[in-house]
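> predicted structure and sequence below. I'll ask about it afterward.
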Amino acid sequence: MKSKDVKKKAATKPADKEEPTSKGKRGFWSQAGQTLLIPALSVVTGLVFGAIIIIITDAHVLAAYKNFFSAPGLALLAPFEAVFNAYGALFTGSFGSPVALVKAIQTYAATGDNASLLKAIYPFTESLVSATPYIFSGLAVALGFRCGLFNIGAEGQFFIGALCSAYVGYAFKMPWYFHLPLALLAGALGGAIWGAIPGYLKAVTGAHEVVNTIMMNWIAFRLSDWLLTGPMMAAGFRPVTPVIQDTAFLPRIFSDPLRFNAGFFLALAVAALVYWFLFKTTLGFEIRAVGMNPDAARYAGMSIVRNFVLVMTLSGALAGLAGASQVLGVDHWVGQGFSAGYGFDSIALALLGKSHPVGVVLAALLFGFLRGGATRMQSMAGIPIDIISVIQGFVIIFVAAPAIIRAIYRLRVARVEETVLTRGWGK
Amino acid sequence: MTTEIIQQSRKSSFVRARLVPGLILIAIGLVILFLFGVDTEAGQQATFGMNAMRSQALPIPDLTLPVQPAIYVLILVTVFLGAWQLARGIRSTGLLIGMVAFCFVVAFLIWATRDKSFNLVGMLSSSLVRATPIALAALCGVISERAAVVNIAIEGIMLIAAETAVMAGTLSHSLYVGLLVAILTGALIAAIHAVLVIKYKVDQIVSGVAINIFGIGITSFISSRFLERNGDLLNNSGTFPVIPVPLLSKIPILGPILFENNLIVYLMILLVIVLHILLFYTPWGLRTRAVGEHPKAADTLGINVFLMRYVNVIIGGMIAGLGGAYFTLGSVGRFDEIMTAGKGFIGLAAMIFGKWNPIGAFTSSLIFGFADSLQVKMQILKVPIPSQILGMAPYLVTMIVLAGLVGRAIPPAADGQPYEK
């Protein structure tokens, strides 16, 4: 590598052709590979650790090892069987069974009947549906990280956004070109307010946003509990909102029972928007500067207070959009226990994606597929869905401590600059 | 000329510093009038029970207050304090806020109890009990952060310790074994946090959050996998009995509150005192604080910064393990998913409120425990506020406390920064 660079340097005039990379004279693909390596290995190692936990808690494996001396072969095979069952179910849950897909294509080619084709791609589209809120909330947390803010409140903001957009969805009657944008806007606004409060508190009093956003989460849960059993409750006994009007639905791409909707494309568009905002506007530059070195930013005349509030508001808006897209595109109503852990997952997402919109989208897709498969893993292999949280915990640790991965795999990867995320309890 | 201007501006900022809080206090007095005063009628009485149920204390008669006069007295006190602040200025704002908050809460209680009776001593006693996990979490935070390691993982540690405690307690039919297992588990998880943060220099908050996520995941996983199906075998440990201290529990009001509790509460009170003495009156405590304020200087003196940090975080983990044991062995005797309900984070707020010292942390945990038990009692009293809104009280109090005081609360200087030799 080094000799090639020396030759290149000799061959071209120094002021002339400079390779357009910022981290030394490496090519684009090699750099992309470098950046992807640690996160990819972290995910793999996380899955391996998850497999270990599955194995040691599996009843069949434990039973097989009890009879180790009488049937050693069985005992040795049992762990592999358990993992194969578990991760096999995970795979078919995420992507769908390749066999079924081939058969369905054959049926479609032969008879033009697309029912079995739809059934075959159902798991894949379900994974994309699961990934959509992750994209939004991952962007929310990533935006916060870029400014040095730790937004754990994505969970509460998600919920509030969902409730706001559900309210606009069921309480008003309008043509769809007003109703849908308004509902989305309501969701974003609700989340924005929920994020702005801790942001403002941090900016003015210095109270750390970690504790404040977590408190806001719990307040949001209680508030939604009250709303769903009181003012916003639909007729009947269940603590759910009324179903939203048709005009506020995010349009579905395929027919029922596929739930794949335009929300996915909206998420990708928003990711592109966030990329443009962060990297191509002066405001985005200010945000990144404040994140990298607040003192230098202040010296350059940037207002830390304003940026903190702005970023927490935008971050909350994105998380609120996550909730809105889930309500408007998938469920069409809000019930208790609606959000199922998106908040904490999105922290893992933002870390995996190194707070870059492209990375976040990729990580969100990964998590969407994991979640999509986990439900099936729970029903088919009987493994509780919480294993995903366990795997995520491992993944976060491995991504945050690349030294561990380097030690495990004996890598001699050059240290990529590691983002400094937070600075203690604030000033 | 310039001295005049400086004196003018100093005077005006003094005036402003007196004016604003004074006006706010008077406004709070008016708020009390409109919220609580106008809703009462002339002859109403509020009865405050002074005897806890099933207590060994000597019984004393209940305290009966006439509602309207009492509320008016409190309004007068608040307005008086506001007027004093306006006229003369009171230096210690914390004390002032405390007194006014006290008046507000008492007025609220009196208003809520009009024409009803309400067991005050019972509520104070349950405040202490509910404050126990918060105080233990806060103590863990204090020990850890005095050595400059931010420990957000307290929630995860408590959750995991709670589950292992109940499983060990049920399997071994001994609560003490369960307690020991909880402490050891706490130490283990804290050791993982310490290794990640000290050796691998992972961002301390990221590591804490990761351990929290992991904790929620693994405890829910094991709960769904094993505890739900084998309830009697794994999830039924019983709880520590209430042990009244022989003579002291007979004291009328303080007895039931302080001296009739279970083992974990007594341990907590003991730990507060022991930690305070250790941290501020022993050489070890001095070294710990040195490591937290200026590790470089401590290092040049020959103190092993890394070892001190490891030891402190692990001790903190043991305390958090004890706190986790409270949820199961000290309270309900079985494990429910995510039963810590954010108490770990409230403990961190209590630590900040208490200015990073054990006694301060204990006092602020009492306040949070009070808020927690207040909202339960309010539901019993059928106060016309929905129970879920009341349930927000501890979290709102946390946020208000953090907002009001963090600006003035100074953490150990090296808090949150990994040490590089």
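Everything's here; your move.

> the spatially most central residue of chain B: which element?
Nearest to the mean C-alpha position of chain B, by C-alpha atoms, centre = their mean, lies B:Ser365 at 1.9 Å. Secondary structure assigned from DSSP states H and E places B:Ser365 in helix B:358-380.

> how near is B:Val383 to chain A?
14 Å (C-beta to the nearest C-beta, to the nearest Å). For the C-beta atoms, the positions are set from N, CA and C on the backbone; glycine is no exception.

> that residue: what's its closest spatial neighbour, skipping adjacent residues?
Spatially, and ignoring its direct neighbours in sequence, B:Val383 is nearest to B:Ala112 (5.0 Å; C-beta to C-beta, 6 or more residues apart in numbering or on different chains).

> how much space separates A:Ala89 from chain B?
16 Å.

> quick check, that residue in contact with A:Gly382.
No. Taking C-beta atoms under 8 Å as the definition, A:Ala89 is not a contact partner of A:Gly382, at 9.3 Å.

> which of these two has more neighbours?
A:Ala89 (21 against 14; other C-beta atoms under 10 Å in any protein chain shown).

> the more buried one: what's it in contact with?
A:Gly373, A:Arg376, A:Met377, A:Met380, A:Ala381, A:Ile383 (C-beta atoms under 8 Å, 6 or more residues apart in numbering or on different chains).

> give me the secondary structure label for it.
helix (DSSP: H, G, I helix; E, B strand; the rest coil).

> if we can go back for a sec, pLDDT score assigned to the residue nearest to B:Val383?
pLDDT for B:Ala112: 77.

> what's around it, how many residues?
Neighbours of B:Ala112 (other C-beta under 10 Å): 19.

> need the residues of the stretch 1-150 of chain A near chain B, please.
Applying C-beta under 8 Å from any C-beta of the partner chain, we find that the stretch 1-150 of chain A lies next to chain B at A:Ile53, A:Thr57, A:Phe150.

> the helix or strand in which A:Tyr167 is found near chain B at all?
Element membership for A:Tyr167, per DSSP H and E: helix A:154-171. No. Judged by C-beta under 8 Å from any C-beta, helix A:154-171 stays clear of chain B, getting no closer than 10.5 Å.

> can you show me the CA trace of that helix as CSV?
Coordinates of each C-alpha in helix A:154-171 appear next as CSV, following Å, rounded to 0.1, in the frame of the first residue of the first chain:
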residue,chain,number,x,y,z
ALA,A,154,-36.9,9.0,21.1
GLU,A,155,-39.3,6.5,22.8
GLY,A,156,-41.4,9.2,24.3
GLN,A,157,-41.2,11.5,21.3
PHE,A,158,-42.3,8.5,19.1
PHE,A,159,-45.4,8.0,21.3
ILE,A,160,-46.4,11.6,21.4
GLY,A,161,-45.9,12.0,17.7
ALA,A,162,-48.0,8.9,17.1
LEU,A,163,-50.8,10.3,19.4
CYS,A,164,-50.8,13.7,17.7
SER,A,165,-50.9,12.3,14.2
ALA,A,166,-53.6,9.8,15.3
TYR,A,167,-55.7,12.7,16.7
VAL,A,168,-55.5,14.7,13.5
GLY,A,169,-56.2,11.4,11.6
TYR,A,170,-59.4,10.6,13.3
ALA,A,171,-60.7,14.0,14.4
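
> on contacts alone, who are the packing partners of that helix?
helix A:115-146, helix A:176-205, helix A:209-229, helix A:304-325, helix A:342-352 (3 or more C-beta pairs under 8 Å, 6 or more residues apart in numbering or on different chains; DSSP states H and E).

> which positions within it qualify as buried?
Neighbour-count burial for helix A:154-171 flags A:154-170 (criterion: 16 or more other C-beta atoms under 10 Å in any protein chain shown).

> same check on stretch A:284-296?
A:Gly284, A:Glu286, A:Ile287, A:Arg288, A:Ala289, A:Val290, A:Gly291, A:Pro294.

> can I assume the first one sits in a helix?
When you say that, I think you mean A:Gly284. Yes. Counting by three-state DSSP, A:Gly284 falls inside a helix.

> which is the succeeding secondary structure element to the least confident helix or strand in chain A by mean pLDDT?
Counting by mean pLDDT, DSSP states H and E, chain A has its least confident helix or strand at helix A:2-11, which shows a mean of 47. Counting by DSSP H and E, the next helix or strand C-terminal to helix A:2-11 is helix A:28-56.
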